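Asker: need coordinates for the below:
(2 chains)
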Protein chains: 2
Amino acid sequence: MERRRYLRKTSLADCLAAWLQHPSAARLTEPETVATPLARGRITAAPVYALRSVPHFHCSAMDGIALRAEATFGAAETRPKRLDGGQYTVVDTGDPIPETADSVVMVEEVRWLEEGAIELIEAASPWQHIRLAGEDLVTTEMVLPSGHAVRAPDIAALLSCGVRELPVRRRPRVAVLPTGDELVDAFAPAAEQDQTGAIMETNSHLIGGLVAEWGGEALRSGIVRDTPEAVRQALHAALETADVVALNAGSSAGREDFVPRIIEEEGELLAHGVDIMPGKPMAIGVVRGKPVIGIPGYPVSAWVVCEQFLKPLLRQLLGLAQLQPERVAAVMGRKTPSCMGNEEFLRVKAARVGGRLVAVPLPRGASLLNSVVRADGVVRIPANLEGVEAGDSIWLEPLRPLEQIEASLLAVGSHDLLLDLISDWLNRRLPGAGLSSAHVGSLAGLMALRRGECHLAGTHLIDEATGEYNLSWVRRYLPDGDVALIHLAEREQGLIVPRGNPKGLRSLRDLVEQQALFINRQRGSGTRQLLDYLLGQEGLTGDRIPGYHRELYTHLAVAAAVKTGGADAGLGILAAARALELDFIPIASERYDLAVRTDALDLPQMRAVLEIIQDAEFQQQVQALGGYSMRGSGQRLL
Amino acid sequence: MERRRYLRKTSLADCLAAWLQHPSAARLTEPETVATPLARGRITAAPVYALRSVPHFHCSAMDGIALRAEATFGAAETRPKRLDGGQYTVVDTGDPIPETADSVVMVEEVRWLEEGAIELIEAASPWQHIRLAGEDLVTTEMVLPSGHAVRAPDIAALLSCGVRELPVRRRPRVAVLPTGDELVDAFAPAAEQDQTGAIMETNSHLIGGLVAEWGGEALRSGIVRDTPEAVRQALHAALETADVVALNAGSSAGREDFVPRIIEEEGELLAHGVDIMPGKPMAIGVVRGKPVIGIPGYPVSAWVVCEQFLKPLLRQLLGLAQLQPERVAAVMGRKTPSCMGNEEFLRVKAARVGGRLVAVPLPRGASLLNSVVRADGVVRIPANLEGVEAGDSIWLEPLRPLEQIEASLLAVGSHDLLLDLISDWLNRRLPGAGLSSAHVGSLAGLMALRRGECHLAGTHLIDEATGEYNLSWVRRYLPDGDVALIHLAEREQGLIVPRGNPKGLRSLRDLVEQQALFINRQRGSGTRQLLDYLLGQEGLTGDRIPGYHRELYTHLAVAAAVKTGGADAGLGILAAARALELDFIPIASERYDLAVRTDALDLPQMRAVLEIIQDAEFQQQVQALGGYSMRGSGQRLL
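Answerer: Predicted coordinates:
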């Protein structure tokens, strides 16, 4: 019991050390032989020696003539030496030296006479201008040491010295076993996937892809059912062929105890539970002398555990050094509380804003794989901190080339589908550049802009006193004036309701009268602001609408809630309703603008954005979405 | 003619701009479709949108019970609400919410009664602790923009939202045509390869490997013969299927004019000749609307031209951003003259010595592919400089992970086979660490040590006055005393002669008497020092030995010269003679020591070296080479 308790809570460093120092993590000693042209990316399992010398003959280092040096002895300006055609051979650079010759005279020094005869006015010394055999490589010379990752020039060099095959480390074979009754194959018929409760089995593709990236070979199994016996059997079958077994639990908490228990019963459990988040419930152990890892079911947890445990293991099995993750100094854009006692792997967007590299947290749930897809990098919040403050210095571990991060614009603010569209256009116009966006609502966007957290903020905030958009808000919250306001689009807001509008909703007042279940946007969002403004005009208050206090962060999330029966209505844009094939009751038209730091206006990416939004083809694409007017787009309002 | 002259000399930047701005370098617009699980590393050709929401149902965010919130209204500490078994469902985290329920109560708040009944003392609000459908991804949301390099998490995310295939950019097809009558296939019978003048055709493997690494598809052709007609035909055949054609000329200067002429006749020659070294004679142009590049024959030139021209072209065709090469500040270890008017791409070894990152040039010939294999990085010497001085600040473009360079020891000095053996052992003991060595001879090694250019120097310098080794030299040239002298081995020096010793050589005196053609080591090498010491003792001078002034830099190179008939004898170590199956006439035994910076003695890599040379198994391996005594190895002499 005591041991078990210890195992349930261990530090990342301790767990990793226990894992890598266990004999089962010794490198795979049995090498395999591959043909040299196929060795790219493989790791040499032994030193590789030259089998031939390169070049294997003496050759000329110049364009000129090859001859015997002694035939030139005594030559001088006043007493030129004459040679006839049989006494020399014309050679180009790289040509072999004839056996009869031991010296090369440069073509510039030859005086050509009639009938192939020549004259020299200087004696040649033996072996001048000759590259000796073996100049590049000599037979038996070590070309590559062991543990070397083979690259294209290595392959050419090996072939040049006669090495047609070489011993390389076997790729560690990692069996990937997804377990869980709720799982359904990613290529199963739609009917199976559509069942409520069915979860797409995609972790094996995640883990398998990472294994391949790290030089291993993934053996993906079918889905293993949720009984100890099935898991046990699958584990033993996998151990027959694999070097490492990755058991991927279903995502529910109860099931994750399954795997460590089986590891403990069948072998040795090295650790269960580690102080990282996401990834806490991982388990590592050894069965039949082979490493076994229990990977949590939530995809972000699975990703973190693979990066922290599986990658170092594979590198060790391949005999490769453990490299520290690349990291760069950055500042946190926003106050970010974190759970004490766990090291948190926060996914962030990042950008260079006003000279600082700023990191802005993405949504943090362990189920949100899209937060990994969208991340520019990871920020680790140490276990002994309760979080970091806006402006704190942090280390960013980039997930994309830093140059690309530096070339991207960061938008924090209200969400609009046009931002994604602009990003795609931008990337095609300036490869490597992009427009990243974090969706926090209009007001939070202006705050982020004020804190120097982003280049621009999408905003649609109505002034309740005047009914005018954005200008008064920008003036109030960014009084220093370093911000331009650029008009992007007029767009329609309305009630998003199920197809056929079953509750027959026509207005906001109907929400109260029908007691329809509403899904709201968060406070500080322009849509929420608009809702409250319109309710006020009608003399209504939110408290009278069921669900008024349930908040989501994007138009699409609101539409999804309506689509799946989570709500009878939400306020949002036509494009979101259309995207999910829902009905839309227009309520108001509003102005959506971009608030932009003035020091970002001259960035080539920002200039490209301003061109794009005024591009006729782009505007046509926007019209096709419905609910937008692009008149005056690009106009500077402030 | 004017145009032609311009074409023959252009700057790298101009050539590259002409190449990338030509319409033929527009990205490959026709995408192809790949199954999502096979898309790793491919580049999206269009934005990819979610086809399903993730999750596609509402699920519990907690372990607890799902129920209708209204059934709990009015519950309070003093007035608990009782529900029977039919009114709630037990749910784990991630479980779907039953259609009848709209709220989750955490398990901690449930009071369990008899027969499945429960009691609650607090009302639940609708939709509390429920993760709504679409939380991670909503149908129609953009998951990946175009131009995105697909990674494992992207694949899992795409599969989770129903994307089973996606449009990616076609891999640019690069036809690689090696041309030259002197070329022989790397897998041809040995008899063909052994012919004098035959050059192994390995450039197509070099170019093909690089193309694959950069995301293209290489179509390697057989060897094309050296006539304009054959090259012309091969070019047109290649243009049928390839997007780009790489014509790789033979290495001789005359032949390289071939390719630009054909490009000019068949299409448009954009440039011929660029101010880089190696790589100068490259040619770029367009034939039938497709880019064609003439790559020089020397392998280092070919490598530089691929890196500078082919890589940017492939990135452009793939729609990827041009990334600047990574570079780090370093200092040049040694005065390095360079040819004005050309930007030189110098291959260097690099190491962190006494706090500075130091670069030491490798041999510079364009034919020496091994200089690329062994390089830690590249230093560019600008065209407007005549070279760089020792200690000058330079930029190093690393060819290996910087961390690995930082973890390596650099030895500059006398060459001994044991250094390669130590390097291999070191890499296996401390993965990532290694012992790089540059071979300059003993005395130059001590000079390098004094300049802070290396961690250690192998040395075997006899004191002509006392016959004692190394100590007086180290005291004289490194008087400040920050150097330790560690004994490595006693080794035999002798005459390396052809098998059967055809000239019957027995002593150095025989060299003079037989007028045998000698091959010498360079001044400042321990072997040269020993030769001169021994000659002096015999009352001889080097001038009386033919070939005394021909110098090579390593034992193996001397042995290779003897092997291939370039010399009748050379002075060197037994191991070198054995390696090439030559005969060996022992002349003297000498002490080979390691001079080590004292501040390097405590580096973990250096400590490992000291352990290795005292390791019994290592010492056995050395004995097996022959000619070494390892007695006292590791002893500190100074």
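Asker: what is the burial count for the closest residue to chain B within the stretch 401-550 of chain A?
Answerer: Closest residue of the stretch 401-550 of chain A to chain B, CB to the nearest CB: residue A:432 (2.5 Å). All C-beta spots, glycine's among them, are computed from the backbone N, C-alpha and C. As a burial measure, residue A:432 scores 22 neighbours (other CB atoms under 10 Å in any protein chain shown).
Asker: ok, residue A:97 next?
Answerer: 26.
Asker: excluding chain neighbours, what is closest to it?
Answerer: Excluding its sequence neighbours, the residue lying closest to residue A:97 (CB to CB, 6 or more residues apart in numbering or on different chains) is residue A:58, at 4.6 Å.
Asker: ok, how many other residues are close to the one you found?
Answerer: Residue A:58: 26 neighbours (other CB under 10 Å).
Asker: show me what contacts it?
Answerer: A:96-97, A:130-133, B:564, B:566 (CB atoms under 8 Å, 6 or more residues apart in numbering or on different chains).
Asker: cool, and residue A:311?
Answerer: A:210, A:214.
Asker: report pLDDT for it.
Answerer: According to the prediction, residue A:311 has pLDDT 98.
Asker: measure it to residue A:214 for me?
Answerer: The gap separating residue A:311 from residue A:214 is 5 Å, by CB to CB, to the nearest Å.
Asker: what of residue A:570?
Answerer: When residue A:570 is compared with residue A:214 (using CB to CB), they lie 43 Å apart.
Asker: ok, now residue A:392?
Answerer: Distance from residue A:392 to residue A:214, by CB to CB: 32 Å.
Asker: more neighbours: those two, which one.
Answerer: Applying other CB under 10 Å to residue A:392 and residue A:214 shows that residue A:214 carries more neighbours, namely 23 against 17.
Asker: show me what contacts the residue nearest to the more buried one when sequence neighbours are not counted?
Answerer: Distances taken as CB to CB, 6+ apart place residue A:314 nearest to residue A:214, at 4.6 Å, with adjacent residues excluded. By CB under 8 Å, 6+ apart, the contact set of residue A:314 is A:172, A:174, A:211, A:214-216, A:244.
Asker: which one of those is nearest residue B:159?
Answerer: Proximity of these to residue B:159 (CB to CB) peaks at residue A:211, which lies at 16.4 Å.
Asker: quick one: the helix or strand hosting that closest one to chain centroid distance?
Answerer: Using DSSP states H and E, residue A:211 falls within helix A:203-213. Helix A:203-213 sits 14 Å away from the centroid of its parent chain (CA atoms, centre = their mean, to the nearest Å).
Asker: tell me the buried residues in that helix?
Answerer: Neighbour-count burial for helix A:203-213 flags A:203-212 (criterion: 16 or more other CB atoms under 10 Å in any protein chain shown).
Asker: of the residues you listed, list those near chain B.
Answerer: Under the cut-off given by CB under 8 Å from any CB of the partner chain, chain B has A:203, A:205-210, A:212 from the buried residues of helix A:203-213 close to it.
Asker: nearest to residue B:222, of the residues you listed?
Answerer: Closest to residue B:222, out of all of these and judged by CB to CB, is residue A:212, at 32.2 Å.
Asker: SS state for the nearest residue to the closest one once chain neighbours are set aside?
Answerer: Spatially, and ignoring its direct neighbours in sequence, residue A:212 is nearest to residue A:218 (5.9 Å; CB to CB, 6+ apart). Following DSSP: H, G, I helix; E, B strand; the rest coil, residue A:218 is assigned to strand.
Asker: burial of residue A:218, as a residue count?
Answerer: Around residue A:218 there are 24 residues (other CB under 10 Å).
Asker: any idea how far apart the tips of stretch A:505-520 sit?
Answerer: One end of stretch A:505-520 to the other measures 16 Å (CA to CA, to the nearest Å).
Asker: got the contact list for it?
Answerer: Under CB under 8 Å, 6+ apart, the answer for stretch A:505-520 is A:495, A:497, A:503-504, A:528, A:531, A:534-535, A:538, A:540, A:542, A:544-552, A:558, A:561-562, A:566-571, A:585, A:587, B:126.
Asker: pLDDT of it, averaged?
Answerer: Averaging pLDDT along stretch A:505-520 yields 94.
Asker: next: stretch A:75-82.
Answerer: So the average pLDDT for stretch A:75-82 ends up being 93.
Asker: just the strands in the stretch 1-150 of chain A please.
Answerer: Using DSSP state E, counting those that start in this stretch, the strands of the stretch 1-150 of chain A run over A:31-35, A:48-49, A:59-60, A:64-67, A:81-83, A:88-91, A:103-106, A:111-112, A:118-120, A:130-131, A:142-144.
Asker: quick one: which of these has the weakest pLDDT on average?
Answerer: strand A:130-131 (a mean of 86).
Asker: pLDDT weak spots in chain A?
Answerer: A:1-9, A:250-257 (pLDDT under 70).
Asker: mind redoing it with 50?
Answerer: Applying pLDDT under 50 to chain A flags residues A:1-6, A:251-252.
Asker: any idea how far residue A:144 lies from residue A:472?
Answerer: Residue A:144 is 69 Å from residue A:472, by CB to CB.
Asker: between these two, which is the more surrounded one?
Answerer: For residue A:144 versus residue A:472, neighbours defined as other CB under 10 Å are more numerous around residue A:144 (23 against 15).
Asker: which strand residues bridge the more buried one?
Answerer: residue A:48 (DSSP bridges).
Asker: can you check residue A:199 too?
Answerer: residue A:183.
Asker: isn't it right up against residue A:178?
Answerer: No. Counting by CB atoms under 8 Å, residue A:199 stays clear of residue A:178, with 10.1 Å between them.
Asker: adding distance to residue A:523, write the strands of the stretch 1-150 of chain A out as TSV.
Answerer: Shown next, in TSV, are the strands of the stretch 1-150 of chain A (distance: least, CB to CB, whole Å):
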stretch	distance to residue A:523
strand A:31-35	61
strand A:48-49	66
strand A:59-60	80
strand A:64-67	85
strand A:81-83	98
strand A:88-91	85
strand A:103-106	84
strand A:111-112	93
strand A:118-120	95
strand A:130-131	78
strand A:142-144	62
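Asker: residue A:547 contacts residue B:127, correct?
Answerer: Yes. Between residue A:547 and residue B:127 there is a contact at 7.0 Å, judged by CB under 8 Å.
Asker: out of the two, which sits in the more crowded spot?
Answerer: Neighbours per residue (other CB under 10 Å) separate residue A:547 from residue B:127, with residue A:547 holding more: 24 against 21.
Asker: surely the more buried one is within a strand?
Answerer: No. If the criterion is three-state DSSP, then residue A:547 is coil and not within a strand.
Asker: which residue is the nearest non-sequential neighbour of it?
Answerer: Spatial nearest neighbour of residue A:547, chain neighbours left out: residue A:518 (4.1 Å); criterion: CB to CB, 6+ apart.
Asker: next one: residue A:579
Answerer: residue B:140 (3.6 Å).
Asker: cool, residue A:312 as well?
Answerer: In space, residue A:312 is closest to residue A:322, 5.6 Å off (CB to CB, 6+ apart).
Asker: which residues touch the one you found?
Answerer: Per CB under 8 Å, 6+ apart, neighbours of residue A:322: A:20, A:312, A:315-316, B:431-432.
Asker: of the residues you listed, which belong to strands?
Answerer: Taking DSSP state E, every one of the contacts of residue A:322 sits outside strands.
Asker: tabulate the residues you listed in a markdown table, adding columns for distance to residue A:579.
Answerer: Shown next, in a markdown table, are the contacts of residue A:322 (distance: CB to CB, whole Å):
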| residue | distance to residue A:579 |
| --- | --- |
| A:20 | 47 |
| A:312 | 42 |
| A:315 | 43 |
| A:316 | 47 |
| B:431 | 51 |
| B:432 | 50 |
